[in-house]
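Student: got a predicted structure plus its sequence, pasted below:
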Amino acid sequence: MSATFRLPTGGLIDRETTLRFTFDGRPMTGHRGDTLASALLANGVHGTGTGIRYGRPRGIVAAGSEDPTSLVQIEQPFPEPMLTATTVELYDGLVARGLSGQGRLASEPDPARYDAKHVHCDVLVVGAGPAGLVAALTAARGGARVVVVDEQTRAGGALLGTREYLDERPSAEWVAGIVAELRNTPGVLVLERTTAFGVYQDGFVLALQRRTDHLGFDAPADTARQRVWRIRAKQTVLATGAHERPVVFADNDRPGIMLAGSARTYLHRYGVLPGTRAVVFTTNDSAYTAAIDLARAGMDVAMVVDARPVAPGVLAARCHARDIEVRAGHAVTGTGGGDRVTDVRIAPMPGTDGTADTVDCDTLLVSGGWNPVVHLFSQARGRLRYDSGLGAFVPGGEPPAVGVAGSATGALDFASCVRQGRDAGRAAALAAGAAPAGEVVLPVSDTRTDAQPGLVLWRVPGEPAEGAPDTRFVDLQRDATVSDVLRATGAGLRSLEHVKRYTTIGTAHDQGKTSGTITAGLVAEALGTELSEQRPTTFRPPYTPVSFAALAGRDRGGLHDPARVTALHPWHVAHGALFEDVGQWKRPWYFPLPGEDMDAAVLRECRAAREGVALMDGSTLGKIDLRGRDAGSFLDMLYTNKMSALKVGGIRYGVMCGVDGMVIDDGTVIRLAEDRFLVTTTTGNAAMVLDWMEEWLQTEWPHLDVYATSVTEHWATIPLVGPRSRDVLAGLAPGLDAGNEAFGFMEWRDTVLDVGAGVPARVCRISFSGELAYEINVTAWHGLAVWEALMAVGERYGITPYGTETMHVLRAEKGYPIIGQETDATVTPQDLGMSWAVSKKKADFIGKRSFARAENNRPDRKQLVGLLPVDPDLRLPEGAQVVDTDRLPQPPVRMLGHVTSSYRSAALGRTFALAVVRSGRERVGETLHVPVGDDLVPVTVTESVFYDKEGARRDG
Amino acid sequence: MTSPPARPPGAHLPDHPDFLWDDPEPKASYDVVIVGGGGHGLATAYYLAKVHGITNVAVLEKGWLAGGNMARNTTIIRSNYLWDESSGIYEHSLKLWEGLEEDLGYPILFDQRGVLNLAHSLQDVRDSVRRVNANRLNGIDAEWLDPQGVKEVCPIVDISQDVRYPVLGATYQPRAGIAKHDYVAWGYARAAHAMGVDLIQNCEVTGIGTAGGRVTAVETTRGRIAAGRVGLCAAGHSSVLAAMAGLRLPLASHPLQALVSELLEPVHPTVVMSNAVHVYVSQAHKGELVMGAGIDSYNGYGQRGSFHIIERQMSAALELFPVFARAHLLRTWAGIVDVSPDASPIVGLTPVEGLYLNCGWGTGGFKATPGVGDCFAHTIAHDKPHRFNEPFTLERFTTGALVDEHGAAAVAH
Amino acid sequence: MQLIPCPWCGPREETEFHYGGQAHVAYPEDPSALTDQEWAQYVFFRDNPSGPFAERWSHSAGCRRWFNAVRDTRTHDLLSVHRIGEPVPDLGEKDEVVS
């Protein structure tokens, strides 16, 4: 099918390349350089979908990202919802369809890659139109590091949509010259297809670069499809241009009705005529140029309808010369047609003589003036003021380090725009510390400036006929009309924010780029207030929509919060471990043998630890090296018990509380020297405890001579557990006397293991299982070799690797709590039955004062106890609640506490549980109940220690 | 060739009524002045008038009604909190939500589509099961779902187990859901106004007058207004207001950001929350994805947050919902939430007679709107807390009787 | 994303920092001598002004040093930074109200 509205020549498209695409099932062609919108128009297609509320046909209104209606769904090469046809670059094989307001997400994962890049610069210029280019060149010649970002596929901005000559050359040549110089200047980066979408503090600007979208199926898989540029600029120049503003009138939504400047863009940039016969409706001079250009290109332009009482003389004469009638003092009051506009009704403006008329046409071009694009300026906390001459909000006070230039300031003529660009570029370069900028000779345009001021007209006067629906659409995407706005003010609403919410105007995909100011104007009109008193609704990032995936960037999958693994991890993987996530770490959960389920594996692992020998990977425990003269007294403040009394060579268990007296961590402290300790923390809390120490040391007690260093990853830590652990250790540490006399419980020794050339090791006699146990610490580098050596030496004793689940069972049998499992930030050491670890002698430690509060001394606090289900085979679910009734009443039911840990025990030959229960210690011996499903399970309250209460086993 | 449906389901919302409220000049004196015209303030005024017959009431709003957190939240409604105290007031609120549309005569679009709270670690599972069991004994609908059950409720959640944060299960509260925030606030405002309450906008309180330990008036940008009783419902600005009466509160005000996508065909039938990966997301009535991020760490009154929080939010969301990759971020914004040390509110009497406090809701205020409105109105009317807000005193920070909901609330209430 | 001027490292992105709340709240000399009310003030109550706020930050992903800063909580602008031990800056009226 031939593209019937494509002119034989002209435009910035590559006519040698024909691209096939499908829209709404209809195959069509276009050229490289087209957008989907320009290609559709070239094929005579205006309609792209239907309105969300009334189902009326809607078409292409604009040529850029401000377009309120041309929503499309991309189906091929990969589904992407809710793009505007005006921003989709055409590529071969594109399959798209029009939307009525809701897009569709792909059901398959997106195969594309996304990334982000940081760049620092002296001057960031947003917008590569004439003002931006001059600003960038001025700054660059002054030696500033400059970044230029522009939303379009090529630099030029508004010039792309004109046939302007600059210094008697086509403007494209001038643009190309500047871009070439910028690109050849070291330290200057020019980014096309890059939309600055958010301005934040301290010159931080985010921009989205579309790198491969325009390549369609040919996009290389290894190139990031989109990139977020995180730009940190000393100075920012916003040369973001202006959006044409429509005028609201009845039936202003029909396909074929477009903004006049956009039609001009389609003509000059894409070589496309928007139709065959046009009427132009304007309130200002700019649309005359569109009329004349289109007529010159062969379009039948029937009439220019100018709402102003007097038409601009020279422009009107030029129209007459092309047989274009100019009807001043008139306005469009309605349109006819269905899927396309077929005729336009015009009538004299109130107070003007004239007659109503109907003009046939298939295209209606509208201009109500220009709104500076102040979104980023406003995000940068720039103040806006209402310019009653322009009918627009313009920059009214620049925030620090931000300049504005070009039509973004409200300037309408080329000479002002480029002059502002030069001034802003120079000011920015100087402020950023670059040398005084070199002169840029400002080009002179052949285009005349506006002869006559525009008329600010939000809507054409007149009301819909009684009972007829209002078709004066303010927000075309939300299908909101003038009546909706008036209904909102009539309902008592005064704030623009309320009107926006009442009508939903400005909440759609375009975020009200073409409707916001009009709405503000209509509200002011309705309330009889001045627009200057209305605050515009807030401009919020992003300026244009940004895909979730682009913002996520590389922070996906394995790179999303990367997991930490120990030096022994490969061995665990090779030996079939299942893993548990603890904090950021992967920890072996259990090591099932073929055919074993978790229960079987854990029972076997427990049995090995209690009856033979077993080992686990304890490397994830947090380890903090604490040095300095005052380390001991510092630990006395941090832990509830007295650490300074610990002798060199000794080890002590400690509990740590917050200032509120609640347990936050526990672990062992070993004294390496008078002025040196090694503190261990729970796996999940290592970073927190280090931060906690540093906070106190630096902010509260800076006079203390203490230095804290994380050494978690320096060590591989292997608890060797069980009655035969001493034998295994003896086989590997010939120089160490591991007997009870020479090496007592809660002591540590340094030794050299008989592994390779000899591995220095620190062995600690601590036990989290109640069994004879040695915790072997070697540098992480040697961890794997030592583990394998232990496995080899222990083979004759049936040495068994075990995971966190078995560790949990073994410690629970001994009633040892796990911080974060038995505790939940409401549990004190006393609640855990650990008063023995709370010093009575120390004058103070963190949390001590809170123990004296009323709530801490209630007799019915929840306390850690054991629970034995009356049925020894029944394992209580962890998290089950405990009640003191054998028949549940209607809710709410009084709860006494909950089951924190629950296991099947090989040693006990039955199930058991730990729980926190109100007045738990007083209840030992009582029968309570636990709701499990629909049953109430009887349980006996016991002390928390189930196994080896005398502690006989720890010495082997 | 397929043509799109003329009007996608749910693509537009019910119309607001032709009249909402008028814009009166403040009177010289009111029996009760409510400071803060957000959801809580409007609901309090409504229940004062409706339940207690107190209609000589002004709601003072420094900006536009319901323009603070009420306009900025992600509208999640649920009552599956851990502790009895919390489940009491939140469940009271949920029950009121269930009859609110009828009560207010306003289409508030309360949609009980259920809420999933995901568990990603074994300890998450224990904590979640504990909460489910507590909820059930408190008469709150709650279920524990395994990963397959999660998939059945929300098919787009990735439940594969080899990802960084695998879904090990979830708590599910079927009666939970979402509502449309403006409609809720406006429903309260219109109904309160209809019963004689003055809604006074653009009226900022600049001082609180007291005499003999009793509140007497508020100073405002529109003049002095005498008041028999004053209730503070100012969320993030509570500390600043309380300071005017010489009160110090254990609160920190933080920016909390949220974001919304464009309108999409229905893909997400419920509400999903994950504290571990800091995601909460639902698909609102028109089809947009509404997501909340974590709070910004620092104190702030600026109604803007840091963008890296949004970026982190996006990457976390895609871990759970890979299909969101090509959805687009349309708009971001921030509210100011007042966070208390135990993540529970402070609602009740103060040392100043006739001055009442409702604050500290953190990120959880929206869902409490009807419940706290009812309880706070009761507190003001009777000078005595309602049984559901009785535990939430200011004194609890002295006695230590905290209601620590960090586990159930975390970032996202 | 804001730049925070670490007094040791210079301006760095805020993601490198950890927030520490109100500055200059000293740990009580003798907690046991305090009433429950006084102790609660120390544990739970902090200033929460809208306006300049003296607060603590830690350059946790940088030099790991704590420092004090004055920041305007309305704009988030850092007004000044101070090494630990440097004198408390005068904030003027503390609970300044946004107007």
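Tutor: Yep, that arrived.
Student: which ones are touching the residue in chain C positioned nearest to chain A?
Tutor: Of all residues in chain C, the one sitting closest to chain A is C:Pro31 (3.6 Å; CB to the nearest CB). For the C-beta atoms, the positions are set from N, CA and C on the backbone; glycine is no exception. Neighbouring residues of C:Pro31 by CB atoms under 8 Å, 6 or more residues apart in numbering or on different chains: A:Asp844, A:Lys848, A:Arg849, C:Trp39, C:Tyr42.
Student: again, but for A:Leu867
Tutor: Taking CB under 8 Å, 6+ apart, one finds A:876, A:882, A:899, A:902, A:912-915, A:917, A:928, A:930, A:939-942 in contact with A:Leu867.
Student: redo that, cut-off 7 Å
Tutor: A:Leu867 makes contact with A:Leu876, A:Val899, A:Ala913, A:Ala915, A:Val939, A:Val941, A:Thr942, according to CB atoms under 7 Å, 6 or more residues apart in numbering or on different chains.
Student: which one of those has the most neighbours?
Tutor: In terms of neighbours by other CB atoms under 10 Å in any protein chain shown, the contacts of A:Leu867 top out with A:Ala915 at 30 neighbours.
Student: pretty sure it contacts A:Lys862?
Tutor: No. Shown here, A:Ala915 and A:Lys862 do not form a contact pair, counting by CB atoms under 7 Å, at 8.8 Å.
Student: list residues touching both of those two?
Tutor: Jointly contacting A:Ala915 and A:Lys862 under the rule CB under 7 Å, 6+ apart are A:Gly897.
Student: quick one on the thing from earlier: and the contacts of C:Pro31, which is closest to chain B?
Tutor: C:Trp39 (8.0 Å).
Student: how about the closest one, what does it touch?
Tutor: Residues counted as contacts of C:Trp39 (CB under 7 Å, 6+ apart) are A:Arg849, C:Pro31.
Student: and the strands in chain C?
Tutor: C:3-6, C:10-13, C:18-22, C:52-58, C:66-72, C:78-83 (DSSP state E).
Student: let's have these in CSV, adding mean neighbour count, mean pLDDT and distance to A:Val613.
Tutor: Shown next, in CSV, are the strands of chain C (neighbours: other CB atoms under 10 Å in any protein chain shown; pLDDT from 0 to 100; distance: least, CB to CB, whole Å):
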stretch, mean neighbour count, mean pLDDT, distance to A:Val613
strand C:3-6, 19, 96, 51
strand C:10-13, 15, 95, 50
strand C:18-22, 18, 96, 43
strand C:52-58, 23, 96, 44
strand C:66-72, 23, 96, 46
strand C:78-83, 16, 94, 54
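Student: tabulate those strands (a markdown table), appending distance to chain B.
Tutor: Formatted as a markdown table, those follow (distance: least, CB to the nearest CB, whole Å):
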| stretch | distance to chain B |
| --- | --- |
| strand C:3-6 | 10 |
| strand C:10-13 | 8 |
| strand C:18-22 | 4 |
| strand C:52-58 | 6 |
| strand C:66-72 | 7 |
| strand C:78-83 | 11 |
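Student: A:Gly622 and chain B, how far apart?
Tutor: 17 Å (CB to the nearest CB, to the nearest Å).
Student: same question, A:Pro348
Tutor: From A:Pro348 to chain B the distance is 33 Å (CB to the nearest CB).
Student: correct me, but that residue touches A:Ala328?
Tutor: No. Using CB under 7 Å, A:Pro348 makes no contact with A:Ala328, being 9.7 Å away.
Student: list the helices and strands the helix or strand hosting B:Ile208 packs on?
Tutor: Here B:Ile208, judged by DSSP states H and E, is contained in strand B:205-211. Judged by 3 or more CB pairs under 7 Å, 6 or more residues apart in numbering or on different chains; DSSP states H and E, the packing partners of strand B:205-211 are strand B:214-220, helix B:238-244.
Student: show me the contacts for the residue nearest in space to the middle of chain C.
Tutor: The residue lying closest to the centre of chain C (CA atoms, centre = their mean) is C:Glu55, at 0.7 Å. The neighbours of C:Glu55, taking CB under 7 Å, 6+ apart as the test, are C:Gly20, C:Gly21, C:Gln22, C:Ala23, C:Ala69, C:Arg71.
Student: skip the chain neighbours and tell me the closest residue to it.
Tutor: The shortest distance from C:Glu55 to any non-neighbouring residue, by CB to CB, 6 or more residues apart in numbering or on different chains, is to C:Ala23 (5.2 Å).
Student: just checking, that neighbour touches C:Ala54?
Tutor: Yes. Under the criterion of CB under 7 Å, C:Ala23 makes contact with C:Ala54 at 4.5 Å.
Student: name the residues contacting each of the two.
Tutor: By CB under 7 Å, 6+ apart, the residues touching both C:Ala23 and C:Ala54 are C:Asn68.
Student: re earlier: only C-alpha atoms, please: export the strand holding B:Ile208 in PDB.
Tutor: Listed next in PDB are the C-alpha coordinates belonging to strand B:205-211 (Å, rounded to 0.1, in the frame of the first residue of the first chain):
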ATOM      1  CA  VAL B 205      -2.900  26.700  63.200                       C
ATOM      2  CA  THR B 206       0.000  28.800  64.500                       C
ATOM      3  CA  GLY B 207      -0.600  28.500  68.200                       C
ATOM      4  CA  ILE B 208      -2.600  26.700  70.900                       C
ATOM      5  CA  GLY B 209      -4.000  28.800  73.700                       C
ATOM      6  CA  THR B 210      -4.200  27.400  77.200                       C
ATOM      7  CA  ALA B 211      -5.300  28.800  80.500                       C
END
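Student: which of the residues in it are buried?
Tutor: Across strand B:205-211, burial judged by 16 or more other CB atoms under 10 Å in any protein chain shown covers B:Val205, B:Ile208, B:Gly209, B:Thr210.
Student: contacting residues around the nearest residue to C:Pro89 once chain neighbours are set aside?
Tutor: Closest residue to C:Pro89 apart from its sequence neighbours, by CB to CB, 6+ apart: C:Val70 at 5.4 Å. By CB under 7 Å, 6+ apart, the contact set of C:Val70 is C:Pro52, C:Phe53, C:Ala54, C:Leu79, C:Ser80, C:Pro89, C:Leu91.
Student: list the beta-bridge partners for the second one.
Tutor: Listed beta-bridge partners, C:Phe53: C:Arg71 (assigned using DSSP bridges).
Student: now the helices for the stretch 601-750 of chain A?
Tutor: A:631-638, A:686-695, A:725-732 (DSSP state H, counting those that start in this stretch).
Student: of those, which is nearest chain C?
Tutor: Minimum separation from chain C across the helices of the stretch 601-750 of chain A (CB to the nearest CB) falls at helix A:686-695, 6.5 Å.
Student: do that closest one and chain B meet?
Tutor: No. Shown here: helix A:686-695 not in contact with chain B (CB under 7 Å from any CB of the partner chain), separated by at least 13.0 Å.
Student: which helices and strands does that helix pack with?
Tutor: strand A:622-627, strand A:707-710.
Student: what would these look like in JSON lines with mean pLDDT and mean neighbour count?
Tutor: Converted to JSON lines, the helices and strands packed on helix A:686-695 look like this (pLDDT from 0 to 100; neighbours: other CB atoms under 10 Å in any protein chain shown):
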{"stretch": "strand A:622-627", "mean pLDDT": "98", "mean neighbour count": "21"}
{"stretch": "strand A:707-710", "mean pLDDT": "97", "mean neighbour count": "16"}
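Student: can you tell which of those is closest to A:Tyr947?
Tutor: Ranking the helices and strands packed on helix A:686-695 by proximity to A:Tyr947 (CB to CB) places strand A:622-627 first, at 27.2 Å.
Student: is the closest one anywhere near chain C?
Tutor: No. Contact between strand A:622-627 and chain C is absent, the nearest approach being 13.1 Å (criterion: CB under 7 Å from any CB).
Student: report the angle between that strand and helix A:631-638.
Tutor: Using axes from the mean of the first three to the mean of the last three CA atoms, to 10 degrees, the direction of strand A:622-627 lies 130 degrees away from that of helix A:631-638.
Student: outside of strand A:622-627, which residues touch it?
Tutor: Residues outside strand A:622-627 that contact it (CB under 7 Å, 6+ apart): A:675-683, A:685-686, A:689-690, A:693, A:706-712, A:715.
Student: low-confidence stretches in the stretch 701-850 of chain A?
Tutor: Nowhere does the stretch 701-850 of chain A drop to pLDDT under 70.
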